[in-house]
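# Mind looking at a prediction? Sequence and model below.
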Amino acid sequence: MKNREELPSMTIEVNTPDGVLYYTICESEENIPIKVISTFGKAGSALAAWAQAVDILVNMLLEKKTPISEIIDNLSNITNSRTIKTNVGVRVGSGPEGIVIAFLEYKRQKHKRNQVAI
């Protein structure tokens, strides 16, 4: 088995009303998401602490083999008082919705990659 550092991953950048979210999705050797790592806000800030807490919860769900579609459904439509247009062309209303956008972009890129003959 490969070390986690050698496993495939994808980092997606999403602009949110709370700042820029960098969301890394790490995959198993079977190309299944097994861990997420978000970089959001300054280290030690309240926003970074919330992001770390959400990462822990999402990682627990991934360990239990929860489909990412279920995670997407449950984090969708969590908004604050501002919405912005993201760098991937959709509107986002909060950091948690940024996670949804990151997972959707991950799924889109994986689908696109699987459609290309190598």
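Yep, that arrived.
# How are the helices of the protein distributed by residue range?
Residue ranges of the helices in the chain, as given by DSSP state H, are 46-63, 68-75, 95-115.
# which one of those lies closest to residue 86?
Residue 86 lies closest to helix 95-115 among the helices of the chain, at 5.8 Å (Cβ to Cβ). No exception for glycine: its C-beta is placed from N, CA and C like everyone else's.
# Give me the distance from the closest one to the chain's centre.
Computed by Cα atoms, centre = their mean, to the nearest Å, the separation of helix 95-115 from the middle of its chain amounts to 8 Å.
# which parts of it are buried?
95, 96, 97, 98, 99, 100, 101, 102, 103, 104, 105, 106 (16 or more other Cβ atoms under 10 Å).
# Ok, stretch 38-45 next?
For stretch 38-45, burial by neighbour count (16+ other Cβ under 10 Å) applies to 38, 40, 41.
# Stretch 7-23 too?
For stretch 7-23, a neighbour-count test (16+ other Cβ under 10 Å) marks 9, 10, 12, 14, 15, 16, 17, 18, 21, 23 as buried.
# quick one on the thing from earlier: could the helices of the chain go into JSON lines alongside distance to residue 30 and mean pLDDT?
Below are the helices of the chain laid out as JSON lines (distance: least, Cβ to Cβ, whole Å; pLDDT from 0 to 100):
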{"stretch": "helix 46-63", "distance to residue 30": "13", "mean pLDDT": "95"}
{"stretch": "helix 68-75", "distance to residue 30": "14", "mean pLDDT": "94"}
{"stretch": "helix 95-115", "distance to residue 30": "13", "mean pLDDT": "89"}
